[in-house]
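**Q** Mind folding the following:
(one chain, ligands or ions: 2)
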Amino acid sequence: MVWPDCPAHTDWRLRTAIDAVLSVVLAPSCAACDELLDRPTRGPVCERCWQSIRPLTPPLCDRCGDPLPTWRTVSIPLALCPRCRRAGRLVDRARAIGPYDGALRAIVHAIKYQGRRSLARPLGALMRHRGADMLDGAACTVPVPLHASRRRERGFNQAMDLARQLGLPTVAALRRVRATSPQTGLPAARRHGNLRDAFALTGAGRALEGATVVLVDDVSTTGATLEACARALKQAGVAEVRALTAARVVSLPR
Ligand SMILES: [Zn+2]
Ligand SMILES: [Zn+2]
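**A** Ligands and ions are numbered 1, 2, ... in the order given. Have a look, this model is predicted:
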């Protein structure tokens with residue numbers, strides 16, 4: 001039998017052969033679930049893990065993207081969670097691929113703490129897909145910056161890696177002007193104080209007056225970082241600040 005000489009077919013046969021060799025010789029495991037990878041050439045995370053990433057279930061707060069407690073809110077034209085109703089927000093709308101748990105959490109960790117930067121590409125593709133309405137009509141993406149010392153230590157900024165996958169120009173509009181104490185472990189109210197005035201505009205950021213921009217980060221925890229970034233952008237005359245993150249820590253409805 002003669003195999004059709006089609007490049008896709010050849011590619012498929014080659015990949016299958018390479019996968020068979022790699023999975024036996026190197027036995028690489030999935031960066032998220034640690035199971036052996038059947039198809040290592042498809043990347044460091046297995047298909048099951050990618051498929052397990054569920055979106056946040058609607059109804060969602062129209063502003064911050066947190067799930068709302070009941071469907072009753074759908075009848076209200078602008079559905080807001082209690083937190084957004086209580087306090088004005090500088091981020092006009094925020095969305096994420098899904099909640100910060102399971103495989104999504106493991107993938108974010110693999111990028112940040114194991115330096116698996118190649119995962120930014122498929123993760124960014126998922127952000128682009130699930131956050132299409134955040135990107136629609138925006139002028140550019142703005143990655144949340146790391147402080148220079150943290151950036152040196154890690155060697156890269158994961159937010160920049162993700163922002164570059166979203167199909168819009170990426171503008172490094174912000175810089176962190178002060179190293180903040182780690183947010184983890186601080187109560188929500190203190191996080192906002194800890195970050196106030198932590199960001200300043202760069203020269204590139206000054207060209208964004210009147211624009212709609214999309215802030216990009218790996219995880220939104222309390223939203224304090226995104227709010228502090230939005231403050232700096234709006235002070236510089238940015239018209240609309242949206243936020244798209246890979247994951248979101250979902251706060252329980254209060
Ligand atoms: Zn897996
Ligand atoms: Zn909200």
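
**Q** mind listing the strands for the stretch 51-200 of the chain?
**A** Residue ranges of the strands in the stretch 51-200 of the chain, as given by DSSP state E, counting those that start in this stretch, are 93-99, 140-143, 174-176, 199-201.

**Q** Give me the sheet partners of the last one and which way each runs.
**A** Taking DSSP bridges as the criterion, strand 199-201 forms sheet pairs with strand 174-176 (antiparallel).

**Q** from the chain's centre, how far out does the partner strand sit?
**A** 18 Å (Cα atoms, centre = their mean, to the nearest Å).

**Q** Up against ligand 1, what does the chain have?
**A** Counting by Cβ under 5 Å from the ion, the residues of the chain close to ligand 1 are Cys30, Ala32, Cys33, Cys46, Cys49. From N, CA and C alone the C-beta is placed, and that goes for glycine too.

**Q** Chain neighbours aside, what residue packs nearest to Gly167?
**A** Using Cβ to Cβ, 6 or more residues apart in numbering and skipping the chain neighbours, the partner closest in space to Gly167 is Arg128 (6.0 Å).

**Q** where does the one you found land on pLDDT?
**A** pLDDT, Arg128: 97.

**Q** what does the one 10 residues further on give?
**A** In this prediction, Ala138 carries a pLDDT score of 98.

**Q** Count the neighbours of it for me.
**A** Number of residues near Ala138 (other Cβ atoms under 10 Å) recorded here: 19.

**Q** Contacts for stretch 147-161, please.
**A** Defining contact as Cβ atoms under 8 Å, 6 or more residues apart in numbering, one finds that stretch 147-161 is touched by 108, 111-112, 115, 117, 120, 124, 143-146, 170, 172, 175-176, 178-180, 216-218.

**Q** Emit the ChimeraX select command for whichever of the residues you listed are buried.
**A** Applied in ChimeraX, the following selects the buried portion of these according to 16 or more other Cβ atoms under 10 Å:
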select :108,111,112,120,124,143,144,145,146,170,175,176,180,216,217,218
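
**Q** What about the contacts of stretch 147-161, which are in helices?
**A** Among the contacts of stretch 147-161, the ones falling in helices (DSSP state H) are Val108, Ile111, Lys112, Ala120, Gly124.

**Q** Out of the residues you listed, the closest to ligand 2 would be?
**A** Val108 (21.6 Å; Cβ to the ion).

**Q** who's in contact with that closest one?
**A** Shown in contact with Val108 (Cβ under 8 Å, 6+ apart): Tyr100, Leu123, Gln158, Asp218, Val219, Ala246, Ala247.

**Q** wait, what's in contact with the second one?
**A** In this case it means Leu123. If you count contacts by Cβ under 8 Å, 6+ apart, then Leu123 has Ile97, Ile107, Val108, Ile111, Leu162, Gln165, Ala246 around it.
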